[in-house]
Structure formats: structure tokens, C-alpha cells
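Trainee: just coords:
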Ligand code: SF4
């Protein structure tokens, strides 16, 4: 709850809503209706009083002069960004009439499109899910970020579970794999630094020499998408040198004989060729893993954004099992902790799938929205998409293969409603833009995927202008549609109480956060949440994991690689969070302009100097940005930073102009980091 402090200021407890594993607890200072200060809650153990640079600016973002404060109706062509102010009544009446007319023919022709613009249970898929279930709209497969790794983790451990982030401080070896933690997981980095001070060895595995790699003892710059091959090469060495914990394997890991045979085919030499590293690196890394305890892996989602991302996560998740790292609370692996919340998070009570009433609408994959918006009706696809309702997402900027996405949103016969805080690229294509509140203006509750605390977010200020919480927008829309189910009128507090079970809601609200009661070393004695309690090597429906090469690589697509010889990854720019914060002036000023990093050798052969304007291109499109010539990029790999708003880039595009819509081996996810390009002077 908020506390009154001196001179009429209030300090209000809240939680960061952004798509970040840290899910910080924050304190917002309010003076005369404005938030004047944001700070991390010093009492919350994993936040320890510090917010990241981005969210320290959350007050600037909330009180930004460009905030959308009124409902707006488009008056210019799609994409022109020309809108006029309308009243809520007119907007909702027209939207409801348009949706009703479509639903009378084919409710599945209406598609919700949302992701993690907020991770809150109430303002995320709370009332929105109830509304779309009642409507019978298409369902959305929310795959754009983490489903390859998430499904792989479930296949291996039985759920998205892992180490407690706090105990990385006790690890003696930490492999930071596919994560620029200083940028995207800074509170984990605090624990890693503590471990380092106590003598731990830190190894960063990442195609880019990141700011995190700079501060580790070793950086392994493997080629993008070869992580599964590296895991098999490490297994080869663990087996060959007898660095296995056979007792742990016998007791707690399902039959792994077939994996042993597969791993023995991956000598350090073969592994090194595939990964673009030296055999000695494979041998040394395996020795570390096999001989230093406790060993821990902080895996993050960057590495699973390639064709074989799911298999790679399965293979990496087996490494701590081979060496018995789970015996220690400072050992094991953390990719996601979200599965630990299964006993307190009640998705059924929150989203009310019973409102479907026996209907089974089709599912649209959000990662192929570019193609799906352009499909005609057909027996396999179902009805053509006639209406999109977008909330908590900016697909024009973040979905792969932008040219297709833009073409889909530009359809004149597509009715599009966007709930937003700012006039994003996607909002430019809306028929109506409805102003949504920020986290400082609404109530919410949060679980996390990087720690094991439930958090409460108390609204700090009243909604600005005529902005409304997502929940209230869907409540009002439901009323206009004539839906009279009582649950569609539930308040935000009722939604929050429905979302959480088996915890003291009032105590959570009072304190702002509560820790799940979990053992420190959850799998020291096995007990994985699989049907038989053992790690699954041969997972049902998936078989034994194997290395799956990129769609786009010199070996798998030699003709393509001759024309587009550079592999591109697109990690987030340090001061943006996906496409959020790009419009916060102070943060954009730090980033400067969209950049692509090239190794000096690759730049020299193309006559490109540092700071030159370049074209990055492939057969899908062209993206203009500024070249940064630096050995942060390894030879043959370029780093194109995301996710800039298209309209803020020099030629009205962003890096997703180049990415494609093919999907990962597991989890139906996009392959943002499996992408060949060429770079030339603009
Ligand atoms: S973005 Fe992450 S690190 Fe930054 S305040 Fe939010 S949860 Fe914390």
C-alpha cells in the first residue's frame, strides 16, 4: 500500500511491467498528481533498490508529451498517422457495431494480437481473454519470444523451472549463454559479480562480444545457431573424460544411452568447425564444466531464435544433469522460473475459457501474422482475417519480415483497433486508437520468469487524460457488444484475486511482494515435474535431441550464402526493451541512431568506414542504418540492433525488414537470429 511521507508526497509500491526476467519491485514518489521519482524497492531481495536505466525513466515515459490521451479515429490513409479525436462513446459504439457484424458471419475472422507490452495478469490477458472467449474470436499462439526454449524446457524438465537467481552468487562456474545480462538481466548480473568476487569463473557464450562478455573471464564467440552443436561437443568431452555424475544420471535422468551415442559423434574438432571456434575452447570449457562445482548456466532466449533453437535448449538443459550440478543450490540452470508459479497462478479463473461454450476457434500464430493477414479464406485456414484488435504489442515493428506485415496491415478491408500508450508504427495503421494507461495508472499483479516472487502493482496516479486500463476498455466494449455475463463486469481487484490462489492476497498487497515457498536446491534429489520425476532425454513426440542447423547458413543454403554471406543477429539495443522506450527522448538520445556492427575485416572488404550510412539487405528487403566497425562483431556475423520504430529509422524501416517467417524446430517460434544478409554503402 502507499505510504504518506513528508510535505504531501506519497510513495506507492509497484512492479515493473516490462518483458524482462527481473520483474523489479518499485517505489513511485507522487507529488501533486505527478510521479516525480522512480526507485527500486530496497527491501525486495532481487531488486535490491535498483531499477535499470530504462525504467528509471518511467516517469518521463508516463508524463511524455506524446502520450495518447483521447480515443482517435483515422482520417487519412492507413499508415499516414492522420487521426481525429473522438469521444469514448462514439468510438466504442462504432467498434462494437463493426465487430458484431463480422462476428455474426464468422467470429474467427476477428483476431486478438497481444504480447508482453505488460506482463501483468490483469492488464495482459485478463479481461481481454474473457472478452475474446465470449466472442469466439480466433485464438493467438503467443510465440514471438520464448516458446521454442519454453517448450524445450517443458520437454526436458517437465515445466519451465530452474535455479533461484539468488544462488548464482554461490556458483563457482557460471556459463552466461545467449544473454547480455548487463543489458537485459541486470539483477542476475549483480549475483554473478558477487560470485566472481568470491572466485567464480565466468564464461560468456555469445556470437557478439557484449558488455557482459567484456567482464567475464572468457568469451566464446560461436556462430549464431550453433549452440546445440557446442552442447554436443561438451557432452562428448564430459563422457570421454569420465566427468559424469553417474549416480545422479542413474537416479534422476531417463534413459540417456542414445544421447551418449549421439554425443560421441561430436568430437571437439567437429564441434569447433560447426561453431566457428577452436577445438581447444571446447576442451577447456568441458573441463571447466566437468571439474568445477557448483556449475550453473544462465541461459537466455537469444540463442533459441534460430531453426534449431528448441533442440539446442534441450541439449544445454541436459548438461547440468550430466555433471550432477543440481545437487547444489548454486548449480543447475535458469532459463525461466515461470513454471514455479503454477500453484498460485489460476489462468482458468482469470481467462474463463468456459465462455467459449464448447466452441473451438482456430489458432493464428503471431509470428506469421504477415502471411496470415494476406491469406484468403479456405478449408485449412478458415475465414479471411477481417478485424484485428491489438494490445500490448507493436507488430509492425517487432514481427518478422516487416514488408509482409505492413502489406497485411495496409489492407483497406481490414478493420483494426489498437490499444496503446503512444502512436506506434502499428497505431498508424489502426482505424481506432484507444488510449491505454501505463503501469503507474492501473492496478495489477505479477508473477516472474527470472525469480520466484509474486508482486503487486498499486496505481500511483489517476489515469492521464481519458486513458483507460486495458481491462476497462474490454469491459466497456463487452457491454456495447451486449455481452451480459457477470464476469465481464469484474473489477480489476476481482480479476487480480481470481488470478492468484493459495496465497494471502491482502498480505501481498500490503508488502508489495511475496516469495514462493520452494526448496533452495529444488532438484538435489531429483523430483523433476515430469510424469516419472526424471529428466526426459527421449521426450514424448520429440525423441532424443539433436543438433539442427540454421535454415540460412553456408552449409544448408550455399547459393543463398554466396549472395548474402553475413549471418545477422538482432539483439536489443541497450536502452530499449523490444520496441518499448524507443520514443523516450532521453533514451533514444543515448542510442543515437539505428546501427549495425561489422567486424573490421568485413568492413574493409566492402569499403565501409565506421559511421558510414549502409544498406543491410537480402532478398526480403533493405534496411538503412549506420555502420559501427568494431571487433564486438565476429568475422562473418553482423549485429543489427532492435527494435527501433520503423518511422524513427532513416528510411522508415527497421531490422525486421530482413527477418523471415519460418519457424523453429520446437515451439513454432520465429527465427530472428537465423538470417543471412549483405551490407553495402548506402
Ligand atoms: S526492465 Fe527489468 S531490470 Fe528494468 S526495472 Fe523492469 S524488471 Fe527491472
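Mentor: Structure's in. What do you need? Fair warning: this is a prediction, and the values are worked out from it, not measured in the lab.
Trainee: pretty sure residue 580 is touching residue 117, no?
Mentor: Yes: with contact defined as CB atoms under 8 Å, residue 580 counts as touching residue 117 (6.9 Å). From N, CA and C alone the C-beta is placed, and that goes for glycine too.
Trainee: and the longest helix anywhere in the chain, what's its mean pLDDT?
Mentor: In the chain, taking DSSP state H as the definition, the longest helix is helix 88-105. Mean pLDDT, computed over helix 88-105, is 98.
Trainee: now do stretch 670-682
Mentor: Averaged over stretch 670-682, pLDDT sits at 98.
Trainee: do the same with stretch 584-599
Mentor: Stretch 584-599 carries an average pLDDT of 87.
Trainee: can you list the buried residues in that stretch?
Mentor: 584, 587, 588, 591, 594, 595, 596, 597, 598, 599 (16 or more other CB atoms under 10 Å).
Trainee: now stretch 101-119
Mentor: Buried residues in stretch 101-119 (16+ other CB under 10 Å): 102-103, 107-119.
Trainee: from the middle of its chain, how far away would that stretch be?
Mentor: Its chain's average C-alpha position is 21 Å from that of stretch 101-119, according to CA atoms, centre = their mean, to the nearest Å.
Trainee: tell me if that stretch is near the ligand.
Mentor: No: residues of stretch 101-119 contacting the ligand under CB under 6 Å from any ligand atom: none, with a closest distance of 8.8 Å.
Trainee: ends of that stretch, how far apart?
Mentor: 32 Å (CA to CA, to the nearest Å).
Trainee: from the buried residues of stretch 101-119, which is closest to the ligand?
Mentor: Checking these against the ligand with CB to the nearest ligand atom, the nearest one is residue 119 at 8.8 Å.
Trainee: which ones are touching residue 282?
Mentor: Contact analysis of residue 282 by CB atoms under 8 Å, 6 or more residues apart in numbering lists 230, 233, 234, 237, 268, 271, 272, 275.
Trainee: skip the chain neighbours and tell me the closest residue to the residue in the stretch 451-600 of the chain that the ligand sits nearest to.
Mentor: Residue nearest to the ligand within the stretch 451-600 of the chain (CB to the nearest ligand atom): residue 577, separated by 5.7 Å. Nearest residue to residue 577, sequence neighbours excluded (CB to CB, 6 or more residues apart in numbering): residue 18, at 5.1 Å.
Trainee: so that neighbour lies in a helix, does it not?
Mentor: No: going by DSSP: H, G, I helix; E, B strand; the rest coil, the assignment for residue 18 is coil, not a helix.
Trainee: make 188 the first number, not 1, from now on.
Mentor: Noted, 188 is the first residue going forward, which turns the last one into residue 205.
Trainee: return the residues in contact with it.
Mentor: Shown in contact with residue 205 (CB under 8 Å, 6+ apart): 241, 242, 303, 305, 306, 764, 767.
Trainee: same thing but at 10 Å, please
Mentor: 211, 239, 241-242, 245, 303-306, 626, 764-765, 767-768 (CB atoms under 10 Å, 6 or more residues apart in numbering).
Trainee: show me the shaky parts of the protein.
Mentor: Scanning the chain with the threshold set as pLDDT under 70 gives 188-194.
Trainee: run through the neighbouring helices and strands of the lengthiest strand in it.
Mentor: Determined from DSSP state E, the single longest strand within the chain is strand 808-816. Applying 3 or more CB pairs under 10 Å, 6 or more residues apart in numbering; DSSP states H and E, we find strand 808-816 packed against helix 589-596, strand 782-785, helix 787-792, strand 800-805, strand 824-827, strand 863-868.
Trainee: for that strand, the distance to its chain's centre please.
Mentor: 24 Å.
Trainee: about what we covered before: identify the contacts common to residue 767 and residue 304.
Mentor: Common neighbours of residue 767 and residue 304 are listed as 204, 205, 206, 581, 585, 608, 611 (criterion: CB under 10 Å, 6+ apart).
Trainee: the residues you listed also near the ligand: which ones?
Mentor: residue 205.
Trainee: ok, of the shared contacts of residue 767 and residue 304, which one's closest to residue 637?
Mentor: Distance to residue 637 across the shared contacts of residue 767 and residue 304 (CB to CB) is lowest for residue 206, with 10.8 Å.
Trainee: contacting residues around that closest one?
Mentor: 302-306, 332-333, 371, 579, 636, 764-765, 767.
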